[in-house]
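**Student:** model this:
(one chain, ligands or ions: 1)
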Amino acid sequence: MEKHPDELLSAYLDHELTYDEQLAVEDHLSTCIHCQTLLEELSSIKNNYLARIRHWRSQMISRKSSC
Ligand SMILES: [Zn+2]
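**Tutor:** This next block holds a predicted model:
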């Protein structure tokens, strides 16, 4: 792969790639610091986002059950 698969990285995190695409991304990641860094950033953004959603949901649930 010649150029950085930036747009595939978030799909890679979501496991939305085809097998071939996934292999290509992993192959590229093994040699590209730029994309490794980008993947880490995307992954932490996503984790923060999911943590916030989960926190928000648990608040909604506890609020409902206290009624
Ligand atoms: Zn790259």
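**Student:** Give me every residue in this protein lying close to the ion.
**Tutor:** With C-beta under 5 Å from the ion as the criterion, the chain meets the ion at residues His4, Cys32, His34, Cys35. (Glycine included, C-beta is placed from N, CA and C.)
**Student:** Repeat the analysis, applying 8 Å as the threshold.
**Tutor:** Met1, Lys3, His4, Pro5, Asp6, His28, Leu29, Cys32, Ile33, His34, Cys35, Leu38 (C-beta under 8 Å from the ion).
**Student:** what sits against the third one?
**Tutor:** Spelled out, that is His4. By C-beta atoms under 8 Å, 6 or more residues apart in numbering, His4 lies in contact with His28, Cys32, His34, Cys35, Leu38.
**Student:** returning to what we had before: buried ones from the residues of the chain next to the ion, can you make that a ChimeraX selection?
**Tutor:** Applied in ChimeraX, the following selects the buried portion of the residues of the chain next to the ion according to 16 or more other C-beta atoms under 10 Å:
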select :5,28,29,32,35,38
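**Student:** Spatially central residue (nearest the centroid) of the chain, please.
**Tutor:** Leu13 (3.7 Å; C-alpha atoms, centre = their mean).
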